[in-house]
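Chemist: sequence-free structure coming up:
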């Protein structure tokens, strides 16, 4: 842990008010280091789940408008990475889930054009992919990013299955051991077979593009 995080941890433990603004209208949550990292981006790169949770708990619930604007938990650093990006890039899945559970916007893209779904796929985190989608993913964006996922890892056909089954959108002919098993074999022949994968189960694409049912 760097010295700044150590100080923040001590302040948190002693009940300090971290949302007090300085003369630049900055708080302990929004001040950036030379690389553009806030305290959330710094803690996201650690395995300190306790401090991460304590900091996140000090944030009020995010509104729908805040999810599409800069918020202390989604401020991007010089590389365009939000704290969620950073956590996933550092393979800190537990830390990432803390931010996901708080409802951060998962669609921010860094300077490489990567959002949380693309990073989770690149880091080979099928469990995080499913978690992202089930918590606050956008179906329209997910099907687009799932295509990218398929083109880099054949095993992520299973992720698509998890998305559909978790939402109980399985069609009568839709089965993991049937259509998708054949789809995976087809995909392994060529990265261009995504359309053939969908063709094996005509109802699949339509099913997962439906809007998520209200809970």
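Modeler: Yep, that arrived. Since we're looking at a predicted model, the values are computed, not measured.
Chemist: show me the residues around residue 78 that make contact.
Modeler: With contact taken as C-beta atoms under 8 Å, 6 or more residues apart in numbering, residue 78 is in contact with 35, 36. (Each C-beta comes from the backbone N, C-alpha and C, glycine too.)
Chemist: What strand or helix carries residue 12?
Modeler: helix 3-13 (DSSP states H and E).
Chemist: what residues does the helix or strand following that helix touch?
Modeler: Per DSSP H and E, the first helix or strand lying C-terminal to helix 3-13 is helix 39-44. Outside of helix 39-44, the residues that reach it under the criterion C-beta under 8 Å, 6+ apart are 2, 4-5, 8, 28-29, 31, 33, 51-52, 55-56, 72-73, 75, 77, 81-84, 86-87, 90, 92, 95-96, 99.
Chemist: how about the nearest residue to residue 20, chain neighbours excluded?
Modeler: residue 27 (6.4 Å; C-beta to C-beta, 6 or more residues apart in numbering).
Chemist: just for this structure, where's the confidence low?
Modeler: By pLDDT under 70, the weakly predicted segments of the chain are 1, 61-70, 133-215.
Chemist: Separate out the buried members of the contacts of helix 39-44.
Modeler: 5, 8, 28-29, 51-52, 55-56, 72-73, 75, 77, 81-84, 86-87, 92, 95-96, 99 (16 or more other C-beta atoms under 10 Å).
Chemist: quick one, strands of the chain?
Modeler: Applying DSSP state E to the chain gives no strands.
Chemist: For it, which segments count as helices?
Modeler: Secondary structure of the chain by DSSP state H: the helices cover 3-13, 39-44, 49-57, 83-89, 93-102, 116-122, 126-136, 139-150, 157-166, 179-189, 194-200, 202-208.
Chemist: Packing partners of the third one?
Modeler: Read that as helix 49-57. Packing partners of helix 49-57 (3 or more C-beta pairs under 8 Å, 6 or more residues apart in numbering; DSSP states H and E): helix 3-13, helix 39-44, helix 93-102.
Chemist: how about the first one: buried residues?
Modeler: Neighbour counts over helix 3-13 (16+ other C-beta under 10 Å) mark 5, 8, 9, 12 as buried.
Chemist: what does the last one give?
Modeler: Taking 16+ other C-beta under 10 Å as the neighbour-count basis, helix 93-102 is seen to contain the buried residues 93, 95, 96, 97, 98, 99, 100, 102.
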